[in-house]
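*Asks:* below is the sequence, then the predicted model.
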Amino acid sequence: MKFYKIIIVAASVLVLVACSTSKEISYFQDLRPGESELTLAAPMEIKIQPKDKLSILVNSQDLRLTNLFNLPIVSQQVGQESSSGTNRGVSGYTVDSKGDIDFPVLGGLHVQGMTREEVAVYIKKELQSHDLIKDPVVTVEFMNLSVNVMGEVNRPGRYNIDKDHLTILDALSQAGDLTIYGKREKVLVLRNENGTQRVYGINLCSADHLYSSPVYYLQQNDVVYVEPNDTKARQSTVNGNNVRSTSFWISLASLLTTISVLIFK
């Protein structure tokens, strides 16, 4: 009977460890199907910043006029943007340190702090107000905007922003999700705000915390860093106490021995 008691105690210890591990790796633990209703953070539009590169295309019924405003690329140009097939591409406009771009005919245009759509509307109005084109269609796209995902993810790297609202879940999905060793309750987002580096923390285990976070929607040049959990941290040490190391089994044997001594007394 005493032997069986030892087995029961040991099994209980292992169950507690397993439950603790499960709680550390599950996302959205506070959600209940059919019951949970969460308020999402207001969508944060990506605002144009210095050094951003924009693709700006102007179209109208008169192709001769629109050609004046679309920058053709030449294969020998430095910093060229490749075009697909035989279609002629258009090189990008780089926002200078003052937040301006040098647009054909119109000259300097201040676009810093604007969204992609606001830049399109602004250029369209400028073309019409100067009687340059009566019916312009202006399309603005991002060319070099990206975020960096680092740490305990399956595919760390730099990922392009291809839409106006990029969430942290989008970025983590592109990076192949967190590894089993990623710390879900403390994902860091580093953001440069007016020359100051700010660090935000996100708890992926809590949907309420995640969706209300000011960094749920990412901005260009954000850095997402997933910290390693305690298991990975222990594995990085020479004498780490984990299931793959000898020290773990020695510790477990010592625990069982202590329990057996207490029971047999």
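*Replies:* In hand now; what should we look at?
*Asks:* a strand runs through residue 169, doesn't it?
*Replies:* No - assessed with DSSP: H, G, I helix; E, B strand; the rest coil, residue 169 is helix; it does not lie in a strand.
*Asks:* and it, how many neighbours?
*Replies:* Applying other CB atoms under 10 Å, we find 15 residues neighbouring residue 169. C-betas here are computed from N, CA, C, even on glycine.
*Asks:* please report how far it lies from residue 124.
*Replies:* Relative to residue 124, residue 169 is positioned 34 Å away (CB to CB, to the nearest Å).
*Asks:* any stretches of the stretch 151-265 of the chain with poor pLDDT?
*Replies:* Judged against pLDDT under 70, the low-scoring parts of the stretch 151-265 of the chain cover residues 233-252, 255-256, 258-265.
*Asks:* quick one: the strands in it, in order.
*Replies:* 157-160, 166-167, 182-193, 196-202, 217-218, 223-228 (DSSP state E, counting those that start in this stretch).
*Asks:* for residue 52, which residues are in contact?
*Replies:* Taking CB atoms under 8 Å, 6 or more residues apart in numbering as the contact definition, residue 52 lies against 94, 95, 142, 144, 145, 220.
*Asks:* cool, and residue 178?
*Replies:* 152, 153, 154, 172, 184, 204, 226.
*Asks:* ranking by neighbours, what's the top pick from the contacts of residue 52?
*Replies:* The most neighbours, when the contacts of residue 52 are compared by other CB under 10 Å, belong to residue 95, which has 22 neighbours.
*Asks:* my guess is that one contacts residue 47, does it?
*Replies:* No - Residue 95 sits out of contact with residue 47 when judged by CB atoms under 8 Å, with a separation of 10.9 Å.
*Asks:* which residues do these two both contact?
*Replies:* Between them, residue 95 and residue 47 share these contacting residues under CB under 8 Å, 6+ apart: residue 112.
*Asks:* domains of the chain?
*Replies:* With automatic domain parsing serving as the domain definition, the record reports that the chain contains domains spanning 2-24+232-264, 31-44+145-228, 53-142.
*Asks:* how close does the closest residue to residue 213 other than its chain neighbours get to residue 194?
*Replies:* Nearest in space to residue 213, with sequence neighbours left out and distances taken as CB to CB, 6 or more residues apart in numbering, is residue 202 at 5.2 Å. The spacing between residue 202 and residue 194, counted by CB to CB, is 22 Å.
*Asks:* ranges for the helices of the stretch 1-150 of the chain?
*Replies:* Counting by DSSP state H, counting those that start in this stretch, the stretch 1-150 of the chain has helices at residues 2-25, 63-66, 116-129.
*Asks:* compare neighbour counts for residue 202 and residue 194 and give me the winner.
*Replies:* For the pair residue 202 and residue 194, the greater number of neighbours falls to residue 202 (20 against 5), based on other CB under 10 Å.
*Asks:* for the more buried one, give me its contacts.
*Replies:* Residues in contact with residue 202 (CB under 8 Å, 6+ apart) are 168, 186, 187, 188, 189, 209, 210, 213, 215, 216.
*Asks:* quick one: the second one from residue 178, how far?
*Replies:* Just to be clear, that refers to residue 186. From residue 186 across to residue 178, the span is 11 Å (CB to CB).
*Asks:* and the contacts of residue 202, which two are the farthest apart?
*Replies:* Of all pairs drawn from those, the one with the longest distance (CB to CB) is 186 and 216, at 15.5 Å.
*Asks:* neighbour-wise, which of those two wins?
*Replies:* Per other CB under 10 Å, whichever of residue 186 and residue 216 has more neighbours is residue 216, with 21 against 15.
*Asks:* surely the more buried one touches residue 167?
*Replies:* Yes - under the criterion of CB under 8 Å, residue 216 is in contact with residue 167, at a separation of 5.8 Å.
*Asks:* tell me what residue 59 is bridged to.
*Replies:* Each beta-bridge partner of residue 59 is listed here, defined by DSSP bridges: residue 137.
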